[in-house]
Each structure stands twice: as C-alpha cells, then as structure tokens.
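In: Test case, fold it:
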Amino acid sequence: MKKIYFIVAFLCWAVQYSYSQESKSDSVKLERSIRDSLYLAETEQAKPSEKAKVLHAEPLYIDLIRDLGARKGEKEWNIGMGMTDKRGFDEFETLIEYEWAPIDRLGLEVELPLTIYSGRGQLPTTLERPSNRLESLKVAGQWSFLVSEKAKTSLALGYIHEFELADLNQWGNERLYRGNVFNPFLVAAKRWGRNFHTLVYTGPKIIREFDQATETVFDINTSIHYMISGTRNFLGLEVNKEIQDGKFSAVLRPQMRIGVADNLLIGIVSGIPINRETQGLSSFLRIIYEPGHRPHH
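Out: The predicted model follows:
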C-alpha cells in the first residue's frame, strides 16, 4: 500500500509540476506578446495631429535619412567609426551626421565623413596608399510617399549630394572643392508580422570630378532584421552590392543594435567582402542619439 501511495503521490506531483511549467510558459508568451503590441502601438499609433507611421528596422552601415514616415520634430545625431583591411594598409573612417524632420514624411541630413589611411610596412609596387581626406560635405533629403499600416509597408524617394573636397595634404595648394556626387535613391521596406523586417535601398551614384571623366556606380543594398519583442534591439544582415564598369562586388554585414537608453542606441557591424582581392574584413560602430525621443513604458 505504501508503494502504491508513493507512486500515486509522485504522479500527482509530476502532473501538477508539468501544468505549472506550461502555465508559466504561456504567461511568459502572453506577456511578451502584450509588450510587443504596446511597443508597436506606441510607435505607430498617431495622435490626432500626427500622420501614421510603420516601425521598420533601419540598416546600420548604409543608414536612412530619418525614419521612414518621419514625423515633424524628430531629430537624431549619429557618430560612426570603422576600420577596413585594404590589403597593404588600413582604412579608418569616421563620420558625424545630423538628421531631422522639418515636416511630416520629410527627412533631411547633413554629414561630414573623414577617411584616414595607415600603412603596414612596405606596400607592393602595384598599390598606392591614398591620402587622408575629409571626403565631402554631404547633404540629403528623403520623402516617404507611401506609408501603409495595413500592408506594414513604406516607400520613399531620396537624393544625396556630395560636395567632394581635396585631400587634406593639398588644402591651400589646390582647389578645395573638386567635384560632385549625384545620388538619387529609392527605399522600399516591409515588416512581416511583428518581428521580421526587410528593406531595399537602391539607386545610381554619378561621380563627376572637375577635369575628369564621369563615373557611374549602381548600388543595391538589401537587409533583413529580427527585432526583439518589446525593444528596439535587433539582429540582422545587410548586404551592400555595387556594379561599376560591368564588375560586381558585394560585402556581407552581419549586425546588431542595442538600446542603452530610451534615446541612445549602439550599432555594431562586421564586414565580410565576397571578393577579397582588394580588401579584407572590416568593422563599424554607430552611436545613435535621439534628443527629445519619447520613452516607452
């Protein structure tokens, strides 16, 4: 009888434990679902005076000019730092940019990118290390012409203009302003369910330096991200593809974004080139500060 009693007691305990664990699992899933729904609602649901907006994950290396469907008054500071192995020397890039939305659906940006090169011993005779450069004064605009809450899709047209500058060691010796880069682009983004995000950013880049032949490069940048429920954190992959003079090149950029505070984000990016003849691995860090960002609870 004692054995039967213990067996029955053990079975009752096992059933109760299994039920409690299942209930805990269900409650955790429900809590995550509620948190995610509240976060999406806070980002997307507009006040009576605001236009609708769809939450999209923004790639970290080739980033957008404000959010898609930007609302008037939004603003953001970005500081970026990166290093690339150029097979004989290292390329260090840094940038500072300011983005803001003067009206609904329109984002503007001003950026200063700086590139510095560092040698690693004797360079091959076929390779020449470039000069350090404040690359350009870059100004840009982006207009979201379609924001569909039902389809969770946003479309935007944009334009970037770069006023190219001379090498730093030539300032004062030659013309400071040396050419222009014209870069119209199209952005298409869609969120699948609550967590998965895809985005395409594409357009031609026309490089026209004074007294030199015009060059044309076509960029096709695609990305896919998984955003963690109830947060602004994500994991993803950005693929930067380029076609120039009939040659195709691509760099895979696995990345992650972490929210340090409600208005401060940090993005970490690695670069893996498909063609490693001219460059090796790279890394990039982006610090994103949004003054006046509304915290979520």
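In: where do the helices sit along the stretch 1-150 of the chain?
Out: With DSSP state H, counting those that start in this stretch as the definition, the stretch 1-150 of the chain shows helices at residue ranges 2-44.
In: how about stretch 179-199: buried residues?
Out: If you call a residue buried by 16 or more other C-beta atoms under 10 Å, then stretch 179-199 has these buried ones: 179-183, 185, 187-191, 194, 197-199. No exception for glycine: its C-beta is placed from N, CA and C like everyone else's.
In: Show the contacting residues for Glu109.
Out: For Glu109, the contact set (C-beta atoms under 8 Å, 6 or more residues apart in numbering) comprises Ile65, Arg66, Glu97, Tyr98, Glu99, Lys138, Val139, Ala140, Gly141, Gln142.
In: Could I get those in CSV, plus columns for neighbour count, pLDDT and distance to Glu50?
Out: As requested, the contacts of Glu109 are arranged in CSV below (neighbours: other C-beta atoms under 10 Å; pLDDT from 0 to 100; distance: C-beta to C-beta, whole Å):
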residue, neighbour count, pLDDT, distance to Glu50
Ile65, 27, 93, 20
Arg66, 26, 91, 15
Glu97, 19, 96, 25
Tyr98, 13, 97, 22
Glu99, 24, 97, 18
Lys138, 19, 96, 29
Val139, 15, 97, 26
Ala140, 21, 97, 24
Gly141, 16, 97, 21
Gln142, 24, 98, 18
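In: Which of the buried residues of stretch 179-199 sits closest to Ser154?
Out: For the buried residues of stretch 179-199, the residue nearest Ser154 by C-beta to C-beta is Ala189; the value is 5.0 Å.
In: hang on, that closest one is in a strand, isn't it?
Out: Yes. The assignment for Ala189 is a strand, going by DSSP: H, G, I helix; E, B strand; the rest coil.
In: could you measure it against Glu162, distance?
Out: Ala189 sits 24 Å away from Glu162 when distances are taken as C-beta to C-beta, to the nearest Å.
In: Check the buried residues of stretch 179-199 and tell me the two furthest apart.
Out: Gly179 and Arg194 (45.2 Å).
In: Just the closest of the buried residues of stretch 179-199 to Glu128, please.
Out: When those are compared for distance to Glu128 (C-beta to C-beta), Gly179 comes out closest, at 19.8 Å.
In: Skipping its backbone neighbours, what lies nearest Glu164 in space?
Out: Take Glu164 and drop its neighbours on the chain: the residue closest to it by C-beta to C-beta, 6 or more residues apart in numbering is Gly179, 4.3 Å away.
In: so what pLDDT did that neighbour get?
Out: At Gly179, the predicted lDDT confidence score is 91.
In: what do you get for Leu127?
Out: pLDDT, Leu127: 62.
In: How about residues contacting stretch 269-281?
Out: Stretch 269-281 is contacted by residues 60-61, 82, 84-87, 238, 249-255, 282-286 when judged by C-beta under 8 Å, 6+ apart.
In: now with 10 Å?
Out: The contact list for stretch 269-281 (C-beta atoms under 10 Å, 6 or more residues apart in numbering) reads 59-61, 80, 82-88, 90-91, 127, 236, 238-241, 247-257, 282-286.
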